[in-house]
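**Student:** quick one, structure for this:
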Amino acid sequence: MTRPMMQAVRVHRYGGPEVLTLERIPVPTPSSDEILIRVHAVGVLPVDWAYRQGLMQKHVPLQIPFIPGSAVAGVVEESNVKGFEKGQAVFGRASHGACAEYVTTTVKTIAHKPEQLSFAEAAAISGGGTTAWMALFAHGGLEPGQRVLVHAATGGVGSFAVQFAKWKGAEVIGTCSTANVDDVKSLGADTVIDYKTTSFEEVVQDIDLVLDAVGGETLERSWSVLKRGGTLLSLVDVPSEKKAEELGIHARFSNELAPNEVFQEIARLMAEGKAKATIGKEFPLQDLRQAHELCQTGHGRGRIIVRMAE
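**Tutor:** Residues are numbered from 1 along each chain as shown. Alright, predicted model coming up:
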C-alpha cells in the first residue's frame, strides 16, 4: 500500500546548517514495537547540530540520510503498542529523528502529554528538563539544604535545573547575562550572578554541586567554588579525574538518557505549576537552518522550538 507523502528535513552529508534539506518523502510505517506520531513541535538541542556536523559520529554513528532532532511532541497517528492509542497527545525522545511532519519511534522514552501543557512546552522537556533532572538527582544526589550553582541558568537545561533544585529544597545560585537576571530570579534562584559584571568565583564558595552547561573556562573556574566532597557535573566537557582526586571532589560528564518515568514526573510537576518550560524563539520547519544557527551560537533564552503547520 502506497504511503502518503510528508515534509521532512534530512541530512545527506555532514556539515553546516546548509546541509539541512527540506524534502518530500513517504510517511514512515511503524514497526511492531513502534508508534507513528503526527508532530506538532520539536525542541532544538545543542547536540542536534553536533550530530549534523559529524562531531558525534565516532560515538553514535548515524545512517545517512537521517532526520535530525529527537525532542518531540505530537499526536499518535498509528500505534502497534499497548497503552498508546490514535489521537492521544504524547511527547518525549523520538528514536528515528523528529524534524518531520510524521515520525516513528519506540515508546521507551515517550510519555502521555498532560492537557495543561502545550506541545511546545512538552517538546522542551526532552534534553532540557530530563538532562537537568538526571544531572541533579541521578548523578548529583541533590539533597534539601545543599547549595547549588547553575551556570547558564536561562538555557534549555539551566532554567529547568534552577526550578528542580529549588523544588527539592536546595539553595540555588544561577549565573546569566545582564539581560536575563530578572528571568533567573523569577525561576526561583536565591542568588543571581551577572557574569558580565561579576566573576562568580569571587563571590561564591562552599558549593555542594555545580551544574555546568558552558564548559571551557567556566568549567575550570568552577573547581575553586566547591567544598571538599562536592560534585562538579558538566554537560559539555569531561572534567579532569586527576584534578577531582586532588581536590577531593566528585566530577563527571553528565549525559545519561532519562527513563520514561522521568519524563512523566517532570510533566506532572509542570502540570501542577511547580515547574515551567522556558520557550525561546520559534521557527517553522522550513527555517530549521536558522534554528540551528541560533542554537549553535550558545546564546539565547530557553529552548528553541520548531513548530509544524497545523
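**Student:** partners of the strand or helix carrying residue 73 in the sheet?
**Tutor:** Using DSSP states H and E, residue 73 maps to strand 71-79. When pairing is defined by DSSP bridges, strand 71-79 lines up against strand 35-44 (antiparallel), strand 89-93 (antiparallel).
**Student:** the longest one: what's the following helix or strand?
**Tutor:** Sequence order places helix 46-53 as the next helix or strand after strand 35-44, per DSSP H and E.
**Student:** who does that following helix touch, helix- and strand-wise?
**Tutor:** Helix 46-53 is packed against helix 288-297, with contacts defined by 3 or more CB pairs under 8 Å, 6 or more residues apart in numbering; DSSP states H and E. (Each C-beta comes from the backbone N, C-alpha and C, glycine too.)
**Student:** quick check: buried residues in the helix it packs on?
**Tutor:** By 16 or more other CB atoms under 10 Å, the buried positions in helix 288-297 come out as 288, 289, 291, 292, 294, 295, 296.
**Student:** what's in contact with that helix?
**Tutor:** Identification of contacts with helix 288-297 by CB atoms under 8 Å, 6 or more residues apart in numbering yields 9, 17-18, 20, 22, 44-46, 48-49, 52, 68, 99, 281, 283, 300, 304, 306.
**Student:** with stretch 189-203 instead?
**Tutor:** So stretch 189-203 is contacted by 149-150, 153, 162, 166, 171-178, 181, 184-185, 204, 221-222, 224-225 (CB under 8 Å, 6+ apart).
**Student:** give the residue spans of the chain that score low on pLDDT.
**Tutor:** Applying pLDDT under 70 to the chain picks out residues 1, 300, 310.
**Student:** ranges for the helices of it?
**Tutor:** Assigned by DSSP state H, the helices in the chain fall at 46-53, 119-123, 130-133, 158-168, 181-186, 200-203, 216-222, 241-247, 260-271, 288-297.
**Student:** alright, calling it a day.
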